[in-house]
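A.B. asks: Turn this into a model:
(chains A and B)
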Amino acid sequence: MFFYGFMQRAFQASFFISLIAPMLGLFLILRRQSLMADTLSHVSLAGVALGMLIGTDPTITNIFVVVLIAVALEYLRMLYRSYSEISIAILMSTGMAVALVLMGLNDGGATLSMNQFLFGSIVTINQQQVLMLAILTVIIGSLYVLFRKPMYVLTFDEDTAFTAGLPIKWMSILFNILTGVTIAVVMPIVGALLVSAILILPAAISMRLSKSFNGVIFIGMIIALTGMLSGLVASYEYGTPPGASITLIFIFIFALTVIGKKITLRFKQNQFSKS
Amino acid sequence: MTQAIEVDHLSVSYYGKTVLDDVSFEAETAQLIGIIGPNGAGKSTMIKAIMGMIPTNQGNVRVLGNRVDQVRKQIAYVPQRSMIDFDFPVLVEDVVVMGRYPHLKWWQRPSKKDREKASDSLRAVGMEDYGKRQIGELSGGQQQRVFLARALAQESDVLFLDEPFAGIDVTSEEIIIHLLRQLKAEGKTIFVVHHDLSKVETYFDTLMMLNRTLIGYGKTNEVFTPDRVSETYDGNVARLSGNQNQVVIG
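C.D. replies: Numbering: from 1, shown residues only, chains lettered A, B, ... in the order given. As a prediction, this is how the structure comes out:
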């Protein structure tokens, strides 16, 4: 399978996604925005449907729509400070509704292609998508190095970030935009329905294994790489959707981590009671 | 004496409801000031409004004779423990280093000197052996000491502490109050939102009694009277004996 061009591109794409996912995923979790990724993936379907309707590259319209909504999300978050999930409910349903209406206007001709965006496909990954992912990885990596400290403070304690004079609003908007662009680029590969799982799960598992911030990111990358690559192999071997295969492997790793931690804890307790 | 804080006719509303109404006071430097009042009295709102964290309806605030945004790094803030995410993957030493961030540009990394300052601050609160622990692994009192260490590391002249003694052990409370007195002796001005009325006279030389408006402000032994306490707590205070041992029952 490694000789097929589409598989090579799939592995390359997986490598880049594995580097990006834990960085964005950890901040999404800690900022209580895990569902934001889900919202943006639903909204991105509207972007894809728009691209198909007007006959443009869906990824381009998708990036445009998702960036717009990512900024709107921050505005709504500020508007409903105490009930930030309202913004998610509003935009998720709006995105889905707009996508369905646009698909309807397209006389149903795009249903087949839409399936690819809903469930993901490794066969259709092209060189341009891999290149976009590579560029995105470099951008997110550079921004992470540059903004790690202020984002870290902003996420841990927004009040302290304020007293430290950090540009809180602009950092939040930039973060949302980056998340939106990533979802728009990753979605055709893993599918809209599971793209948030790919972003969130590696960081969520890794949080149970490391105490330090850098540790969580590093372990998250290893977990992401393991899950993505083995998921792709499984998808190829069994003909299952790649997004779903990868997600199930992440869930399996999560279960292993929980059980492993319980066993370790019990072992330590036994050692302690013996001594 | 120089004024550390000057607050002039400060009012704050949330969703059209007035939470703080026409509060004016001046605080000199080198003071340890307690802020008491019932839940919803506007204590946390007032300190956030002074720091410029929330919008105000009206009023002027000056800190060390300047606008707040001009002296932000001179103000340290210790939030309520309930506002902190203790599952956050951050080591104790990294929390304390955050106290140095107001002195750095946003792209700068803490220098060796900043890390040394953070270590000194951790030592000052008796937590030097806990630097490599995750913040959630500590007890409530230890966590509070770490956040005080972060404020110490900032080396600011004005400190705001929101309920630092809530739900902590006796040792931590003693360490914290000892340090606050020491900071006062060094010329710092410290505001402490406080709930335990039995310790008010022991801990604070100046007291602010708040219930949306300013009920009393001045030397503790002058303003901490049964009548004012009753007025501050809308009469929901049971007095056990004399001026002390007052218990809030509502």
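A.B. asks: need the contact list for whatever residue of chain B ends up closest to chain A.
C.D. replies: The nearest approach of chain B to chain A comes at B:Gln134, 3.8 Å away (Cβ to the nearest Cβ). C-beta: built from backbone N, CA, C; applies to glycine. B:Gln134 sits next to A:211-212, B:89-92 when contact means Cβ atoms under 8 Å, 6 or more residues apart in numbering or on different chains.
A.B. asks: now swap in A:Ser273 and tell me
C.D. replies: For A:Ser273, the contact set (Cβ under 8 Å, 6+ apart) is empty.
A.B. asks: Quickly find the element holding the residue positioned nearest the centre of chain A.
C.D. replies: Central residue of chain A (Cα atoms, centre = their mean): A:Leu199, 3.0 Å from the mean position. Per DSSP states H and E: A:Leu199 is located in helix A:195-207.
A.B. asks: Pull the distance from that helix to the chain's centre.
C.D. replies: Taking the mean of its C-alpha atoms, helix A:195-207 sits 8 Å from the chain's own mean (Cα atoms, centre = their mean, to the nearest Å).
A.B. asks: now do stretch A:266-275
C.D. replies: Offset of stretch A:266-275 from its chain centre (Cα atoms, centre = their mean): 40 Å.
A.B. asks: Around B:Val63, how many other residues sit close by?
C.D. replies: 25 (other Cβ atoms under 10 Å in any protein chain shown).
A.B. asks: any idea how far it is from A:Leu102?
C.D. replies: B:Val63 sits 54 Å away from A:Leu102, going by Cβ to Cβ, to the nearest Å.
A.B. asks: For B:Phe25, give me its contacts.
C.D. replies: Shown in contact with B:Phe25 (Cβ under 8 Å, 6+ apart): B:5, B:7, B:208, B:214, B:217.
A.B. asks: which residue sits closest to the first one, ignoring its sequence neighbours?
C.D. replies: Excluding its sequence neighbours, the residue lying closest to B:Ile5 (Cβ to Cβ, 6 or more residues apart in numbering or on different chains) is B:Ala27, at 4.3 Å.
A.B. asks: so that neighbour touches B:Thr2, yeah?
C.D. replies: No - using Cβ atoms under 8 Å as the test, B:Ala27 is too far from B:Thr2 to be in contact (10.4 Å).
A.B. asks: what about the two, which has more around it?
C.D. replies: Higher neighbour count among B:Ala27 and B:Thr2: B:Ala27, with 21 against 11, using other Cβ under 10 Å.
A.B. asks: buried sites along the strand or helix carrying the more buried one?
C.D. replies: According to DSSP H and E, B:Ala27 maps onto strand B:17-28. Within strand B:17-28, the residues scored as buried using 16 or more other Cβ atoms under 10 Å in any protein chain shown are B:19-21, B:23, B:25, B:27.
A.B. asks: Name the next helix or strand downstream of it, please.
C.D. replies: Sequence-wise, the next helix or strand downstream of strand B:17-28 (DSSP H and E) is strand B:32-36.
A.B. asks: Could I get the contacting residues of A:Val67?
C.D. replies: A:177, A:180-181.
A.B. asks: Which helix or strand contains it?
C.D. replies: Using DSSP H and E, A:Val67 sits in helix A:58-79.
A.B. asks: Touching, B:Gly99 and B:Ala76? I think so.
C.D. replies: Yes - look at B:Gly99 against B:Ala76 with Cβ under 8 Å: they come within range, at 7.1 Å.
A.B. asks: what residues does the helix or strand hosting A:Ala99 touch?
C.D. replies: A:Ala99 belongs to helix A:85-105 when assigned by DSSP H and E. Among residues not part of helix A:85-105, those counted as contacts by Cβ under 8 Å, 6+ apart are A:35-36, A:38-39, A:42-46, A:48-50, A:52-53, A:69, A:72-73, A:76-77, A:79-80, A:110-111, A:114.
A.B. asks: most residues in a single helix of chain B, which one?
C.D. replies: Taking DSSP state H as the criterion, chain B has its longest helix at helix B:170-185.
A.B. asks: Pairing partners for the next helix or strand along the chain from it, with directions?
C.D. replies: Downstream of helix B:170-185, the next assigned helix or strand under DSSP H and E is strand B:189-193. In the sheet, strand B:189-193 lines up against strand B:32-36 (parallel), strand B:158-162 (parallel) (DSSP bridges).
A.B. asks: how far is the last one from where the chain is centred?
C.D. replies: Taking Cα atoms, centre = their mean, one finds strand B:158-162 lying 3 Å from the centre of the chain it belongs to.
A.B. asks: I'd like to know the beta-bridge partner residues of the residue positioned nearest the centre of chain B.
C.D. replies: The residue lying closest to the centre of chain B (Cα atoms, centre = their mean) is B:Leu161, at 1.7 Å. Beta-bridge pairing of B:Leu161 under DSSP bridges involves B:Val78, B:Val192.
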